[in-house]
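Engineer: Next comes the sequence, and after it the predicted model I'd like to discuss.
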There are 2 protein chains.
Amino acid sequence: MTTQVYSRWDHLTPVERQVLRGVFWSGAASRGALADTLGFSKSRLNAVVSNLVVGGLLQELGPLSSTGGRRAEHLALAPDLGVLACVDLGATSLHVALVAPTMTVLAERREVADVRHGPGRVMQRVKTLLGDLLAEQRLRPEDVLAVGMGVPGPVEVHSGLLVSPPIMPGWEGFSIREDLAGLVDAPVLVDNDVNVLALGELWHARQPAGDFLVVKVGTGIGCGIVSGGRIYRGADGAAGDVGHICVDPLGPRCHCGNVGCVEAMAAGPAVARDARRAAEAGESERLAEVLAETGRLEPPDVARAAREGDAVALAIVQRSGQLVGMMLASLVNFFNPSHIVLTGGIVGMGPLWLASIRQSVYGRSLALSTRHIEIRPSTLGERGGVLGAAALGLLGVLDRGGRP
Amino acid sequence: MTTQVYSRWDHLTPVERQVLRGVFWSGAASRGALADTLGFSKSRLNAVVSNLVVGGLLQELGPLSSTGGRRAEHLALAPDLGVLACVDLGATSLHVALVAPTMTVLAERREVADVRHGPGRVMQRVKTLLGDLLAEQRLRPEDVLAVGMGVPGPVEVHSGLLVSPPIMPGWEGFSIREDLAGLVDAPVLVDNDVNVLALGELWHARQPAGDFLVVKVGTGIGCGIVSGGRIYRGADGAAGDVGHICVDPLGPRCHCGNVGCVEAMAAGPAVARDARRAAEAGESERLAEVLAETGRLEPPDVARAAREGDAVALAIVQRSGQLVGMMLASLVNFFNPSHIVLTGGIVGMGPLWLASIRQSVYGRSLALSTRHIEIRPSTLGERGGVLGAAALGLLGVLDRGGRP
DNA sequence: CGAACTTCGGCCCTCAATGGGCCGAAGTTC
DNA sequence: GAACTTCGGCCCATTGAGGGCCGAAGTTCG
């Protein structure tokens, strides 16, 4: 496995890419199923597949279970193709992983980070961690097939440049692609973190189809949009910036300059702020205790207090859910998604918060169809980011040969 | 031109359909331009085109202007293919037209209608008007290539059935397709009126691409969504139902059961209601005069009073614009459209209303990109509906052979 | 005013790829 | 154990795609 790997991907024909995408999406694919899915004749498909098997891009994993006749051969992306280097950068966290083309996490590192420290310090950690993981897996930089990375701000996907990230001062115009070029000689795909999460959910659904939303509520609030099975980025790549949707014309002023932004009223910092205020004002003994004992009061602490019966904490949790739900109700009426996936640190607040969101959304969704919309936490959990980044990197190579 | 026309369309190959779609979208197309657009070699394209010309589906309209060498032949859809029967049904209006495949309106009728009279009475008028127009143009029912129709409520596009239309009692489950089957033996394509308007705008932009919104403000408020150059309908076909987005948690109760719906506070009836209230309360002499003189007080009347300096009328117009703008601001943050097209009766209120909308949207759009979003009235004017319906019918035939 | 250059459309010919048919292998259901 | 299904591999005729070439029609120079 040398640099030839990269060039091998680079010289794939469009049809070969199409077949590999088919294998990626279908998961456990046989030749027959692929031919049906892609609308190929079995001759054509077989010609392409055998070529890819010989070339080492596809592997046969033995027979699948029978459906009444001879068992089909299980096709999968070859693991010795290389690995996907995946980075999930949050506002306050960094998650780096190596993922096989079969979407298995081979190794990972998670640590606290702060994007406000600027690209220099953060990217240094990214490179160090990636290097450590590669060494741990006895892999060389040439073995990296593609790099996928999610960042907590808008990205000009084509160039991979960050554009005016409000919570990422100092990153404006920074080229992650260029920065990582020294580490690995592979395509670098960068996108907004919610888009990356949405891609992860899309992969998890095992089909490049559907219309749904992935909403991340943490330090800020963002939304990944899947329309027709594809990530929707909007006319300028700024779609999904829902944190500054107004949910209360009489609400408090947000740092963006407007009033009543949902992010300023219901995201993590707002919950923490309200809880601290209640604790300090003596409105809630329970919250005051936690603050005194631990010195901090984070959303999960507030949720715990609410579950344990603290009325003030419960009101704060419900208020947050209600406001997020109001925003989501607008989106549901407009976009009519089949479901909404919730992620981000604040989802750790648990079922009370979720119930408030649901109540708020269902109460404001009038159409029969939208009344049954499913609102659930991500099943991918904390690995959603790196898995999405893996899908981003892999699809970047399969869609366009890594040229974003 | 007999029923063979329909069967001729029905037996087109996918490639032929693709070329015809290319001609439809490009407007004034030459062979070379088409080959480039579609990614065909000139041999391939020429083979298909000559076939279509011989078959009478395409026509050559003489040479285009030169670009430095021999002039290209102007290709267009043949007008003797048949006509598109187009119906634009509003909540209170009916617009029927015959349109040539080249998107020229051949004949039209417009009249007042009320969908609440139920499908029987309304569809009778539709059929009568279509029959009149056909007779006037000396066309037979067999000459109708397809029927396109927009209705003011959600439609299950595949079956052509109306689903739970709030302002269309009695239409639930009514099949327009079946109803019109007796009149013409051609594909019948039915969609929500805003989706039809969006299709009209898409055609007017001369390219099946882009991400934008078409917002209709009249009796209700609806929104047609164009995503990636295609009409986006959502998971259940209910997307764009923005009339019941909440813009004021303390607002008045809407007939839908919630409070603060933008439709209940800013659409035509709300403006009329506020104006009448102000007139009757003696707050505005000007409005009271109009009401006394004409016995009515419609949004355009209010706008006229505002332009003539009436402060109360101005406040009503601005309030409506402000509320619509607040809703649009949410959509802009979420969807990041390149522009927003406004249609519907209330657009007749003019520049004062538009200015309020713009001010409200720009004030709440924080991203640099979304600050420059263009908000403008439809350039298609009152014909937007039937032109969109024509595009719906024609594309229905070109996309899927009329099988919706 | 004419020669050189461009652009366009039609035609032909070669080459490749596509799809269908056929067969043997491997399982399942009686 | 026989009949039926399903799958993969192979072959081969046929189609259809692409490139090249030429003539026609215009434009831009000298």
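Structural biologist: Arrived safely, thanks for sending. Numbers count the residues shown, from 1 in each chain, chains lettered A, B, ... in the order given.
Engineer: number of nearby residues for the closest residue to chain B within the stretch 251-400 of chain A?
Structural biologist: Closest residue of the stretch 251-400 of chain A to chain B, Cβ to the nearest Cβ: A:N336 (2.7 Å). Backbone N, C-alpha and C define where each C-beta goes, glycine included. A:N336 has 25 neighbours, counted by other Cβ atoms under 10 Å in any protein chain shown.
Engineer: quick one: buried residues of the helix of greatest length in chain A?
Structural biologist: Criterion DSSP state H: the longest helix present in chain A is helix A:311-335. For helix A:311-335, the neighbour count (16 or more other Cβ atoms under 10 Å in any protein chain shown) marks A:312-314, A:316-335 as buried.
Engineer: Could you do stretch A:146-160 as well?
Structural biologist: For stretch A:146-160, burial by neighbour count (16+ other Cβ under 10 Å) applies to A:146-155, A:157, A:160.
Engineer: Just the terminal-to-terminal distance for that stretch.
Structural biologist: 14 Å (Cα to Cα, to the nearest Å).
Engineer: any idea of the mean pLDDT in that stretch?
Structural biologist: Averaging pLDDT along stretch A:146-160 yields 90.
Engineer: next one: that stretch to chain centre, how far?
Structural biologist: Average the C-alpha atoms of stretch A:146-160, do the same for its chain, and the two points are 12 Å apart (Cα atoms, centre = their mean, to the nearest Å).
Engineer: How about stretch A:222-237?
Structural biologist: 12 Å.
Engineer: Keeping just the C-alphas, turn the helix or strand that comes right after the longest helix of chain A into CSV.
Structural biologist: With elements assigned by DSSP states H and E, the helix or strand that comes after helix A:311-335 is strand A:339-343. Extracted C-alpha coordinates of strand A:339-343, given in CSV (Å, rounded to 0.1, in the frame of the first residue of the first chain):
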residue,chain,number,x,y,z
HIS,A,339,-37.8,13.1,11.3
ILE,A,340,-35.5,15.3,13.3
VAL,A,341,-32.4,14.0,14.9
LEU,A,342,-31.1,15.8,18.0
THR,A,343,-27.4,15.9,18.9
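Engineer: and after strand A:339-343, which helix or strand comes next?
Structural biologist: Scanning forward in sequence from strand A:339-343 by DSSP H and E, the next helix or strand is helix A:351-364.
Engineer: who's in contact with A:N46?
Structural biologist: A:31, A:35 (Cβ atoms under 8 Å, 6 or more residues apart in numbering or on different chains).
Engineer: run the last query once more with 10 Å
Structural biologist: A:31-32, A:34-35, A:40 (Cβ atoms under 10 Å, 6 or more residues apart in numbering or on different chains).
Engineer: Could I get those in JSON lines, plus columns for neighbour count, distance to chain B and secondary structure?
Structural biologist: Below are the contacts of A:N46 laid out as JSON lines (neighbours: other Cβ atoms under 10 Å in any protein chain shown; distance: Cβ to the nearest Cβ, whole Å; DSSP: H, G, I helix; E, B strand; the rest coil):
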{"residue": "A:R31", "neighbour count": "19", "distance to chain B": "24", "secondary structure": "helix"}
{"residue": "A:G32", "neighbour count": "14", "distance to chain B": "23", "secondary structure": "helix"}
{"residue": "A:L34", "neighbour count": "22", "distance to chain B": "21", "secondary structure": "helix"}
{"residue": "A:A35", "neighbour count": "20", "distance to chain B": "18", "secondary structure": "helix"}
{"residue": "A:F40", "neighbour count": "20", "distance to chain B": "15", "secondary structure": "coil"}
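Engineer: now those as JSON lines including pLDDT and distance to DNA strand D?
Structural biologist: Converted to JSON lines, the contacts of A:N46 look like this (pLDDT from 0 to 100; distance: Cβ to the nearest atom of the strand, whole Å):
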{"residue": "A:R31", "pLDDT": "92", "distance to DNA strand D": "3"}
{"residue": "A:G32", "pLDDT": "90", "distance to DNA strand D": "4"}
{"residue": "A:L34", "pLDDT": "93", "distance to DNA strand D": "8"}
{"residue": "A:A35", "pLDDT": "93", "distance to DNA strand D": "8"}
{"residue": "A:F40", "pLDDT": "93", "distance to DNA strand D": "12"}
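Engineer: mind putting the residues you listed in JSON lines, distance to B:H95 included?
Structural biologist: Putting the contacts of A:N46 into JSON lines (distance: Cβ to Cβ, whole Å) gives the following:
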{"residue": "A:R31", "distance to B:H95": "54"}
{"residue": "A:G32", "distance to B:H95": "51"}
{"residue": "A:L34", "distance to B:H95": "49"}
{"residue": "A:A35", "distance to B:H95": "48"}
{"residue": "A:F40", "distance to B:H95": "46"}
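Engineer: was I right about A:V226 contacting A:W203?
Structural biologist: No: A:V226 is beyond contact range of A:W203, at 11.1 Å (criterion: Cβ atoms under 10 Å).
Engineer: My read is that A:D248 contacts A:G260, right?
Structural biologist: Yes: assessed by Cβ under 10 Å, A:D248 is found in contact with A:G260 at 4.0 Å.
Engineer: Quick check: neighbours shared by those two?
Structural biologist: With Cβ under 10 Å, 6+ apart as the test, A:D248 and A:G260 both reach A:323, B:249.
Engineer: quick one, which of those two is more surrounded?
Structural biologist: The residue with more neighbours, out of A:D248 and A:G260, is A:G260; 21 against 17, by other Cβ under 10 Å.
Engineer: what residues are up against that one?
Structural biologist: Taking Cβ under 10 Å, 6+ apart, we find A:G260 in contact with A:244-254, A:323, B:249, B:326, B:364.
Engineer: Once you drop chain neighbours, what's closest to it?
Structural biologist: Nearest non-adjacent residue to A:G260, counting by Cβ to Cβ, 6 or more residues apart in numbering or on different chains: A:G251, 3.0 Å away.
Engineer: Make sure that neighbour is indeed in a strand.
Structural biologist: No: using DSSP: H, G, I helix; E, B strand; the rest coil, the secondary structure at A:G251 is coil, not a strand.
Engineer: For DNA strand D, what's its nearest residue on the stretch 151-300 of chain A.
Structural biologist: Closest approach between the stretch 151-300 of chain A and DNA strand D, counting by Cβ to the nearest atom of the strand: A:R206, at 18.0 Å.
Engineer: so what's the closest residue to that residue other than its chain neighbours up against?
Structural biologist: Of all residues not flanking A:R206 in the chain, A:G27 sits nearest, at 5.5 Å (Cβ to Cβ, 6+ apart). A:G27 is in contact with A:74, A:76, A:102-103, A:203, A:206-207, counting by Cβ under 10 Å, 6+ apart.
Engineer: Direction-wise, compare the longest helix of chain A with helix B:311-335 and give the angle.
Structural biologist: With axes from the mean of the first three to the mean of the last three Cα atoms, to 10 degrees defining the directions, helix A:311-335 sits at 90 degrees from helix B:311-335.
Engineer: tell me the angle helix A:311-335 makes with strand A:339-343.
Structural biologist: 140 degrees.
Engineer: if I look at A:V48, how far off is A:F40?
Structural biologist: To A:F40, A:V48 is 8 Å away according to Cβ to Cβ, to the nearest Å.
Engineer: any shared contact partners between these two?
Structural biologist: A:15, A:18-19, A:22, A:31, A:34.
Engineer: next one: phi and psi at the residue in the stretch 51-200 of chain A positioned nearest to DNA strand C?
Structural biologist: For the stretch 51-200 of chain A and DNA strand C, the shortest gap (Cβ to the nearest atom of the strand) falls at A:R70, measuring 3.3 Å. Main-chain dihedrals, A:R70, degrees, to the nearest 10: phi -60, psi 140.
Engineer: repeat for A:G153
Structural biologist: Main-chain dihedrals, A:G153, degrees, to the nearest 10: phi -170, psi 170.
Engineer: if we can go back for a sec, for the contacts of A:G27, pick the one with the most neighbours.
Structural biologist: Tallying neighbours with other Cβ under 10 Å puts A:W203 at the head of the contacts of A:G27, with 22 neighbours.
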